[in-house]
Every structure is written in C-alpha cells, then in structure tokens.
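# Structure of the sequence below:
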Amino acid sequence: MQQDQKYIDFLRWGALAAVLSGVLCLAGLIALFTKGLNLGLDFTGGVVVELRFKEEADTAEVASRLSEAGLEGALVVHFGSERDVLVRLPPTESKSIGEDVLQAVGAAKSGAELKRVDFVSSQIGSELRDEGGMAFLVSLLLVAAYVAARFQWKLSVGAIVAVFHDVLVTVGLFAIFEWEFDLPALAAVLSLVGYSINDTIVIYDRIRENFRAMRRVDRYAICNISLTQTLGRTLTTSALTQLVVVAMLLMGGQQLHSFSLALFIGIIAGSYSTVYIASAISLWLGLDRADLMLPVKDERTAQDAP
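Numbering: from 1, shown residues only. Down below sits the predicted model:
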C-alpha cells in the first residue's frame, strides 16, 4: 500500500464539526426537556379520524366546528392532499366518534367522507414507549460489546457516541419543530442504530488495516486516508438509501411520513458522524498503532506458516 497517496484532510475540520454537533445536540436536549416530543396516538392513546372532503378543507374551520360540537382538544392537520384531513382526539368511550365528527363538520354540506377510525388506549401507548426505549438501550449495549470485541475499546466509545449523536439529532429535530413522533418514527430511530454502526464498522476495518500496513505514517494521516478510501462507498450507500426514503417521504402518505422523515434526517447525521464523530473521538482518546497491532505470538505464527 502506498504511504504517500493523496487524501482529503477530514480531521482538519474536527474542531468545527465538534462545535456544530455540540450545538445541535444541546438544542435537541433543551427542546426535549422544555417542550418534549409531540407524541403520536401510538404513545398517548386516543382516537384518530380520517376524513376526505370533496373540496379543499380549512383545518382551522374544522377544528372550530369540532370545538363547538363539544369535541375538545382536537388536533386537525392535512395529510396527503388539501382534501384529506386527520383529526386526533383525546381518549373517549364513545363508539360512534366517527359519526360524531362527521356530524360536527357538517358532512352533508361539506361532502366529508369518513375513511377510517383508530382507537389506541393510553396503557398500550405507555407500554410501547417503555419497550421501545428498552429496545434502544439493549441495542446500544450489544453494539458496544461487538465493537469492543472486534476492534478496540477506544473505537467502541467512538461508535457509541456517534450512534447517540445520530439519535439525539434526529429526535431533537422532532422536538424542536414539534413533528409528531409515533411508533413508525421510533422504528426509524431504532433502524438508525444499525445503519449508523454498519458504515462505522466499514471505516473501522479500513483504519485497522492501514494502521498495520502503514508503519511510517502518523495516525491522523492514516485516519484521513481511511476515510478518503471509503468515501465513495459511504456516499453511494447514503445516496441510494436516500432515494428510497425520499420516495416514501413524498409518496408514502401519512402512515409513512414520520418513519421516512426520521430516516432522512438520521441517514444524513449518520454519514456525518461516521467521519467526524466516530473516528475523531477514537483519536482524541489516544488510539494508536499499538492498539490495533496483532499480538506478537500471532505474527510469529503467521511467519512460521508455509
């Protein structure tokens, strides 16, 4: 392997990237603690009523009519098109809530049509939230154990911080902009753990190979060379994945909106963190050639082999 090859000096911008990541994560944490997530029906429990109007619907007017009819606390939003309206209501015991909503909006006059009614209890929502959080923590522990066993603990710390960064940026943006965070969004966040660590593992493999092959190159240059060598693979994977995600975001409808939006943000954050979080933190922890070299007995065994 050539030791004088050209490379992109990614780590030159490490300090700036650290500031940017710190600002994003801090803003996300502040939003989470002050505003909280706009939890969807899957977590809070309640009723979702989907309506379709013959003409464009005014959500403010629909919300006003529901309030006048005694259906307080309704959240009314467009989805899919200006004719499609989603009404989210607090939990209720009424089995005719769909008909009540139709009557409140004046179905005969507005031409509103009932498409679906979904009921979710608050107890089920709490269980989903708690179990989803536990699944996230377990996945992080397994990732940490895998990276530490396969590579080195300093790389493991970098990988875990990068995963936390991706999740915090994604969830933080949901809190800042008050986007609805429902079960599909949680599924996307859990998927990001696997997506982010996959890209990181590829780069870690290349870093380990180059540390063993380039004996006279300093460790910062080796990391930059490794990142440059895997850049094409990172960009190609991210771009192709984003094509599918964007298609779901634009044409998947309301059911896939939060899932595809969380993935879209997370993939961008994951590609960034692989370069400027996972690798940089490992170097800041003092990663060097001695951490990744084969044990002496293994090298002798390899030399004695025919």
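# Quick one: residues contacting residue 204.
147, 151, 155, 159, 278 (Cβ atoms under 8 Å, 6 or more residues apart in numbering). Where C-beta positions appear, they are placed from N, C-alpha and C, glycine not excepted.
# Okay, helices next: where are they in the chain?
Counting by DSSP state H, the chain has helices at residues 14-34, 41-44, 59-68, 97-105, 107-110, 122-150, 153-176, 183-213, 219-251, 254-273, 279-284, 289-292, 296-304.
# which outside residues touch the third one?
It stands for helix 59-68. Against helix 59-68 from outside (Cβ under 8 Å, 6+ apart): 51, 74-78, 85, 87, 101, 104-106.
# and that helix, which residues are buried?
Residues of helix 59-68 classed as buried: 62-63, 65-66 (neighbour count, 16 or more other Cβ atoms under 10 Å).
# again, but for the longest one
Taking 16+ other Cβ under 10 Å as the basis for neighbour counts, the residues of helix 219-251 that come out buried are 219, 221-231, 234, 237-238, 241-242, 245, 248-249.
# about what we covered before: let me know the closest of the contacts of helix 59-68 to residue 289.
Using Cβ to Cβ, residue 77 comes nearest to residue 289 of those, at 55.7 Å.
# Distance-wise, check the closest residue to that closest one other than its chain neighbours relative to residue 224.
Leaving aside its sequence neighbours, residue 77 sits nearest to residue 86 (Cβ to Cβ, 6 or more residues apart in numbering; 5.3 Å). Distance of residue 86 to residue 224, computed by Cβ to Cβ, to the nearest Å: 48 Å.
# ok, the nearest residue to residue 136 once chain neighbours are set aside - contacts?
Nearest residue to residue 136, sequence neighbours excluded (Cβ to Cβ, 6+ apart): residue 190, at 6.1 Å. For residue 190, the contact set (Cβ under 8 Å, 6+ apart) comprises 132, 135-136, 139.
# Do you know the pLDDT at residue 190?
Looking at residue 190, its pLDDT is 85.
# So for residue 131, what's the pLDDT?
We have a pLDDT of 79 for residue 131.
# Quickly note the distance from it to residue 215.
For residue 131, the distance to residue 215 (Cβ to Cβ) stands at 49 Å.
# With residue 26 instead?
41 Å.
# quick one: which of these two has more around it?
Higher neighbour count among residue 26 and residue 215: residue 26, with 12 against 9, using other Cβ atoms under 10 Å.
# and the closest residue to residue 164 other than its chain neighbours, how many neighbours?
Distance criterion Cβ to Cβ, 6+ apart; nearest residue to residue 164, sequence neighbours excluded, is residue 140 at 7.7 Å. Residue 140: 17 surrounding residues under other Cβ under 10 Å.
# And for residue 152?
Neighbour count for residue 152, taken as other Cβ under 10 Å: 19.
# Could you find the closest non-adjacent residue to it?
Once flanking residues are discounted, residue 152 sits nearest to residue 291: 4.8 Å by Cβ to Cβ, 6+ apart.
# pLDDT wise, what is that neighbour at?
Listed pLDDT for residue 291 reads 73.
# pretty sure it is touching residue 154, no?
Yes: between residue 291 and residue 154 a contact is recorded at 6.3 Å, counting by Cβ atoms under 8 Å.
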